[in-house]
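Q: quick one, fold the following:
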Amino acid sequence: MLVYPQLASGALTQFPVRKVRRMRTIVNSLADATSIKLGDPQGEMTDWQLEYAGLSDDEVSALEQFFEATEGSLRVFSFLDPTANLFAWSGQLENAVWSREPFLTLEGGIPDPDGGTTGWRLSNSGAGPQSISQTLSAPGGYMYCLSAYGRSTQTTTVSLLRGGDRAERIVGSNWNRLTFSGHGDTTAESVEFGIEVPAGASVDLFGLQVEPQAGASAYKASTAGGVYQSAYFRDDVLTFTATDVNRHSATVNISYANRL
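A: Below is the predicted model:
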C-alpha cells in the first residue's frame, strides 16, 4: 500500500493548507421546461494544496522517492487528510462503524464542554474492562494523536487504545482533554483506536478524534472520516526550491475523486 509520507516532525504538512471540495448535481430537464435536480455523491472531488518550507534533505528525498513510486499522477495512494478527523461518525457512537463490547452501554444527549448536548455516557456493567473502538485503514507506523474529552462523577482511570498500545488517563469530575500520541506497528496496514472503560465505571465522552500528527488540534466532528484510499498527484512534475543549506520549499497538489 502506497502511503503519503509524514515529515520528520510527525506532521503531514505545514501551514498554510488549502482544501477545496467540489460537489456535483445532476439536472434532468423535462419537456415541460421543469427540471429535476439530484445530488451525486459519486461525483465529489477534493483537492489539497500543501505548502512546504524548510524541508531537510532527508524529507525532500522521501517525497521524491514517493513521487517516483507513484509515477507522478499515474498511481493512486492512501492519503490521510491533515485537516480532518480520521474517525468516521465521531459524534455518533451508535453508528455501525464503531465496535462496542457487549457490557458497555451508551446514552446520548449528555451535556458537552462546548455547551451543547452531543456528549455520550459510557457505562460498563461487566466484571472486566469494556471498550469502544474503530479500525482505520491507515498505516500502523504513522505518528497519530488520539484525543477525547472525558469526565466522570467518580474519579476513574480509562485507557486510550492504539493498536496493541495503551495509555492510562485519569478522568475526574470536570471535562478534561485526554490525549495519546505515538507511532504504532510499522508492518500494520490498519490501526484500531478506541477507549476502554474499567468494570463498574461510567464515563462521559465527547469529541473523539484521531489525527495524523503528534498533537491534538481543535475537535472536528466527522461523518466520512479523513482516510482517502485513492488519492493521486495532480501534477506529473514535483519541483523543490533550495532556500538554504539543508532547507527546501515546495508546493504539492493532491486530488481525490470519489468515483475512483
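
Q: neighbouring strands - and their directions - for the helix or strand hosting Ala242?
A: Taking DSSP states H and E as the criterion, Ala242 maps to strand 240-244. Applying DSSP bridges to the sheet, strand 240-244 is found paired with strand 247-257 (antiparallel).

Q: quick one: mean pLDDT over the strand holding Ala242.
A: Strand 240-244 carries an average pLDDT of 95.

Q: other residues contacting that strand?
A: 53-55, 60, 63-64, 248-250 (CB atoms under 8 Å, 6 or more residues apart in numbering). The C-beta positions use only the backbone N, C-alpha and C, and glycine is treated the same way.

Q: rerun at 10 Å
A: By CB atoms under 10 Å, 6 or more residues apart in numbering, the residues outside strand 240-244 that reach it are 52-55, 57, 59-60, 63-64, 247-251.

Q: so what's the gap between that strand and the chain middle?
A: 31 Å (CA atoms, centre = their mean, to the nearest Å).

Q: and if you look at stretch 19-37?
A: Centre-to-centre, stretch 19-37 and its host chain are 31 Å apart (CA atoms, centre = their mean).

Q: now the end-to-end length of it.
A: Taking CA to CA, to the nearest Å, the first and last residues of stretch 19-37 lie 26 Å apart.

Q: farthest-separated two in the contacts of strand 240-244?
A: Using CB to CB, the pair of the contacts of strand 240-244 lying farthest apart is Asp57 and Thr251, separated by 18.4 Å.

Q: who's in contact with the residue nearest to the spatial centre of the chain?
A: What sits nearest the mean C-alpha location of the chain, by CA atoms, centre = their mean, is Leu86, with 1.6 Å. Going by CB under 10 Å, 6+ apart, Leu86 touches 80, 134, 136-138, 142, 144-146, 191, 193, 209-212, 222, 225-227.
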